[in-house]
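Trainee: Need the 3D shape of this:
(2 chains)
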Number of protein chains: 2
Amino acid sequence: MRLSRYFLPVTKETPADAQIVSHKLMLRAGLVRQTAAGIYAWLPLGLRVLKKIEQIVREEQDKAGAVELLMPTIQSADLWRQSGRYDAYGPEMLRLVDRHEREMLYGPTNEEMITTIFRDATKSYRDLPRTLYHIQWKFRDEVRPRFGVMRGREFLMKDAYSFDLDEEGLKQSYEAMFVAYLRTFARLGLQAVPVRAPTGPIGGDLSHEFHILAETGESQLFYDAAIDDVTREELLAADASTIARLTRLYAMEAEEHEKVAECPVPAERLRSRRGIEVGHIFAFGTKYSASMGFSIQTADGGQVHPQMGSYGIGVSRLMGAIIEASHDDNGIVWPDSVAPFQVGLINMRADDAACSAAADNIYKQLETAGVETLYDDRDERGGAKFATMDVIGLPWQLVIGPKGLEKGVVELKRRASGEREELSLETALARLTAR
Amino acid sequence: MRLSRYFLPVTKETPADAQIVSHKLMLRAGLVRQTAAGIYAWLPLGLRVLKKIEQIVREEQDKAGAVELLMPTIQSADLWRQSGRYDAYGPEMLRLVDRHEREMLYGPTNEEMITTIFRDATKSYRDLPRTLYHIQWKFRDEVRPRFGVMRGREFLMKDAYSFDLDEEGLKQSYEAMFVAYLRTFARLGLQAVPVRAPTGPIGGDLSHEFHILAETGESQLFYDAAIDDVTREELLAADASTIARLTRLYAMEAEEHEKVAECPVPAERLRSRRGIEVGHIFAFGTKYSASMGFSIQTADGGQVHPQMGSYGIGVSRLMGAIIEASHDDNGIVWPDSVAPFQVGLINMRADDAACSAAADNIYKQLETAGVETLYDDRDERGGAKFATMDVIGLPWQLVIGPKGLEKGVVELKRRASGEREELSLETALARLTAR
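Mentor: The predicted structure follows:
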């Protein structure tokens, strides 16, 4: 993509209303723009990152055997009356009335709807087990939206729902999602701490939250330092034994930790850190299948309410969490897996014909090789171009200048380490296209 | 995908409330399910088609130089007050009030929002021309939603917006989108008739609608038969000359046609057909840039309001239009470009170990070769499997049965023609993987 034809409104000023670093950097790097309190437009660069996060989430859901569908944003209030949640849900639910005076709402979650859809299409035990998921915009009318996309009102969420014949099946579905979550966060370059959670208003027996460690996190966590020893490689290849290992280790939110009479972790091994909740999984049994009248015929001719679980990931919130976990004084440092482009190509002298011809040619070669490249072909000062590339945080910067070209070299910079190398053009291209 | 692990609620019954064939078939083939009046959930098979349509639309927008972003669904009423459209828009606008009593709405379109976003980030003539687009859910509170996704309330739309310095630039941006539309519809396997349209409430000077010919279309069209002679190959390679050729030919909606004093087309060449509107493009000049206070510095130091256009495609509606244009008595006949899977693999005897082993093996080979395959591995009668495959309309059916295996052959059926061939397994696989 040529920057001269792109839409990337980068700013030097630190926005006054942004309190945390991810919010500041998302505005400065031109990733998002607020259009109403807690509601954001995703500008081109931000949308590219959002889609990469979404795609990693999707791939791990698919790998876990979950099947994707897409439910609408607007739901009928009657649906929520069946479960009793319409009146129970507080002012965070955005309620509305259509032209025929029917009460509707902007879905904050989809337990009722998926239960109805699956119930009406399912006849027997042979249709189970099944886990269905969607990735859709949700709305929660936060009283005080803040921290940018981290606590916005309109947000993108992946929510999955499992249906099983019995508790043992539910346990397996829950574990499959647990594994998918560990892999997802590891692929996103994040360390996620699974925390045993109280089940709260969704109800049920078993629940875990997944927290990304960050100083600006809203939650206070206490956990066994051994959790920090689990390597990224282990998480990428997570299985039931990884879960067993992780869930044996102590991890609690402050509120729950304070209720524990005697903490099982010796003081020197107890970590206290702040965390950002990016995922939450629940096994809640028959709460919705019973209230929504969903029963199914078993192999021996009986009837049971399916055992259900629900599994959420805050897709748009993850972008903020990744930036909180990966940035420096100059801007964002994207993990390769979600970087909007892999390479930022800088033409130092757009007013120099030879330099521009060389940069154009390199751009073509990178594009042909399928390397996602943002090409700064604008007639601007080199200093401004470096600052832009640093704040938007692409993994590699390739700098083409007239002096280097005379010597037959270009400069390759790794954003994360700041390391720079002068290389022949061929070596630089080979390095970037081999990835 | 193994059907035994998928979610495909196919039904034999023709739904009573569905009047047109695409609506009936979308329900029967398990593509969608209505969750409230005019609001649909996209079941797994329907979502796959929707994403393919969306991706073709996206690719042609990108090719035309448009840049993708994503605006939110919920907008502030104040934004619409600036253009004067908040009060002008009728009851089709879904209005709502948030917990702080702020008036909001579910966006039916985005002229105001994109103008604000682009205005606030743009400094000079060097930032123009630019065309920005997004693909997002919209809501129009139709008084009488009907025809399934064809006239639903919550629908997926691609809307693009162009910004130019002058009218000549606007004309070029308009033509680039016109070309993108011709290519898009041709890739979707559709014949689209561009019809000169009155500009209506959006205002402005130049506008075209794109209609798919179908007996169930809501519009009555009159057009020069020479439009039917434009081939798919010409449309796939459309350029400015294609537009010139097409727009010279007469094409009008009935209402406009009746106003024409003397139709320029001889009676024997005048076609009267019904059409489904799937796209609409407008060049409306400074209507929004002026009302939203967007002016820009020109090269000679002056100030102008950018010339704007907007360009819509009904992405979810297109699914209905494609089915209207491509089906037979047995069900849907998907064009290859949007088929949810390319191949339906039928194991005729899931209770026969040898037959199942052979089918499993073929499935693995197709998956390895990257051929999207829906594998009916269920223990059901052959007749039911054939009927399912016919109604969901995958381009190819590959049938594995014990008798054929004894002879060393499988059956390959082309859904569109009904043509069946007995082939060696190797030949059949070569045919399907070569595509």
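Trainee: For A:N361, identify the helix or strand it belongs to.
Mentor: helix A:353-368 (DSSP states H and E).
Trainee: Just the CA trace of that helix, in CSV.
Mentor: Coordinates of each C-alpha in helix A:353-368 appear next as CSV, following Å, rounded to 0.1, in the frame of the first residue of the first chain:
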residue,chain,number,x,y,z
ALA,A,353,14.2,10.3,-9.3
ALA,A,354,16.8,7.6,-8.9
CYS,A,355,16.0,7.0,-5.2
SER,A,356,12.2,6.9,-6.0
ALA,A,357,12.8,4.5,-8.9
ALA,A,358,14.8,2.2,-6.6
ALA,A,359,12.1,2.4,-3.9
ASP,A,360,9.3,1.8,-6.4
ASN,A,361,11.1,-1.3,-7.7
ILE,A,362,11.7,-2.7,-4.2
TYR,A,363,8.0,-2.1,-3.3
LYS,A,364,7.0,-4.1,-6.4
GLN,A,365,9.3,-7.0,-5.4
LEU,A,366,7.9,-7.1,-1.9
GLU,A,367,4.3,-7.0,-3.1
THR,A,368,5.0,-9.7,-5.7
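Trainee: and it, what does it pack onto?
Mentor: When contacts are defined as 3 or more Cβ pairs under 8 Å, 6 or more residues apart in numbering or on different chains; DSSP states H and E, helix A:353-368 packs onto strand A:343-347, strand A:373-376, strand A:396-400, helix A:402-407, helix A:425-433. C-beta here means a position set from N, CA and C on the backbone, and glycine is covered the same way.
Trainee: Mean neighbour count, these: which tops it?
Mentor: Most buried of these, by mean neighbour count (mean count of other Cβ atoms under 10 Å in any protein chain shown): strand A:343-347, with a mean of 27.
Trainee: That one vs helix A:353-368, what angle?
Mentor: Angle between the axes of strand A:343-347 and helix A:353-368 is 160 degrees (criterion: axes from the mean of the first three to the mean of the last three Cα atoms, to 10 degrees).
Trainee: Strand A:396-400 and strand A:343-347, what's the angle between them?
Mentor: Using the same axes, to 10 degrees: strand A:343-347 against strand A:396-400 is 20 degrees.
Trainee: Quick one: residues contacting the residue in the stretch 51-200 of chain A positioned nearest to chain B.
Mentor: Using Cβ to the nearest Cβ, the closest approach of the stretch 51-200 of chain A to chain B is made by A:A121 at 3.4 Å. Taking Cβ atoms under 8 Å, 6 or more residues apart in numbering or on different chains, we find A:A121 in contact with A:127, B:7, B:9, B:30, B:33.
Trainee: same deal with A:I56?
Mentor: A:184, A:187-188, A:337-338.
Trainee: biggest separation within the contacts of A:A121, which pair?
Mentor: A:D127 and B:R33 (15.3 Å; Cβ to Cβ).
Trainee: I'd guessed A:A226 sits against A:R269; true?
Mentor: Yes - if you go by Cβ atoms under 8 Å, A:A226 and A:R269 touch, sitting 7.0 Å apart.
Trainee: Give me the more crowded residue out of those two.
Mentor: Between A:A226 and A:R269, A:A226 has the larger neighbour count (other Cβ atoms under 10 Å in any protein chain shown), namely 15 against 12.
Trainee: residues touching that one, list them.
Mentor: Neighbour list for A:A226: A:249, A:269 [criterion: Cβ under 8 Å, 6+ apart].
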